[in-house]
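A predicted structure for the sequence below; I have some questions about it.
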Amino acid sequence: DGGITQSPKYLFRKEGQNVTLSCEQNLNHDAMYWYRQDPGQGLRLIYYSQIVNDFQKGDIAEGYSVSREKKESFPLTVTSAQKNPTAFYLCASSMRYAAITDTQYFGPGTRLTVL
Amino acid sequence: GEDVEQSLFLSVREGDSSVINCTYTDSSSTYLYWYKQEPGAGLQLLTYIFSNMDMKQDQRLTVLLNKKDKHLSLRIADTQTGDSAIYFCAERPVNYGQNFVFGPGTRLSVLP
């Protein structure tokens, strides 16, 4: 059963703590993405990775960090520097970055709440 | 910069047609997309249309594209309660590093 998994589904964090969100895919996709979703707003791109061992900042990378040591994994760390981290975080993957016919497939999301 | 706009809410009665509208700014986008998000879930690709097409039909879904006005619409025929969700329009501008630009989403409520 191929797909993208994210864990945990719900995450609570105290202010000042770093937290890492997991994203795993078994679709053999080269590219992976992290988005943030806030009510009434479209998805905003945090980081993306075109291929293993590579990643680039998206529109709102400040306060976040990522790694891409394995093709199937793209964890996102929300650091204490992120001023307003409470949001719904979505991970996505696509077969090849920037291919014209490529589409993104999304995981189920992680809802992060900062207490 | 790139921007995609949608109405935030739409209510229809079960069995009626729903039309969700979207405007985008970048005429360089090759493909335009519609995604569906059910409560607490990720986005599911519904359909996409190539920019040189005017219309695409897929079962109950019809996508209409007006390139001159940069207007995209999604029509859902015979709307069912299971269609209640948030629908996102997205473009992929060639000059935006091939990344997607999503609209804010339209929350469709289907009334019995």
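Structure received.

quick one: residues contacting residue 88.
Went with chain A since none was named. Applying C-beta atoms under 8 Å, 6 or more residues apart in numbering or on different chains, we find residue A:88 in contact with A:36, A:37, A:38, A:109, A:110, A:111, A:112. Any C-beta I mention is one placed from the backbone N, CA and C, and that applies to glycine too.

I was thinking of chain B, sorry if that wasn't clear
A:42, A:43, B:6, B:34, B:35, B:36, B:37, B:43, B:102, B:103, B:105, B:106.

hmm, which of the residues you listed is lowest in pLDDT?
Within the set of the contacts of residue B:88, pLDDT is lowest for residue A:42 (80).

how about that residue, nearest residue that isn't a chain neighbour?
residue B:102 (3.7 Å; C-beta to C-beta, 6 or more residues apart in numbering or on different chains).

what residues are bridge-paired with the one you found?
residue B:90 (DSSP bridges).

ok, residue A:23 next?
So, taking DSSP bridges as the rule, residue A:23 has residue A:6 as bridge partners.

tally of neighbours for it?
For residue A:23, the tally of surrounding residues (other C-beta atoms under 10 Å in any protein chain shown) stands at 24.

ditto for the one 4 residues further on
Applying other C-beta under 10 Å, we find 15 residues neighbouring residue A:27.

pull the residues that contact the one helix or strand residue A:12 maps to.
Secondary structure from DSSP states H and E places residue A:12 in strand A:10-13. With C-beta under 8 Å, 6+ apart as the test, strand A:10-13 has contacts from A:19, A:21, A:78, A:85, A:110, A:111, A:112, A:113, A:114, A:115.

one more time with 10 Å
For strand A:10-13, the surrounding residues in contact (C-beta atoms under 10 Å, 6 or more residues apart in numbering or on different chains) are A:19-21, A:78, A:80, A:85-86, A:89, A:109-115, B:40.
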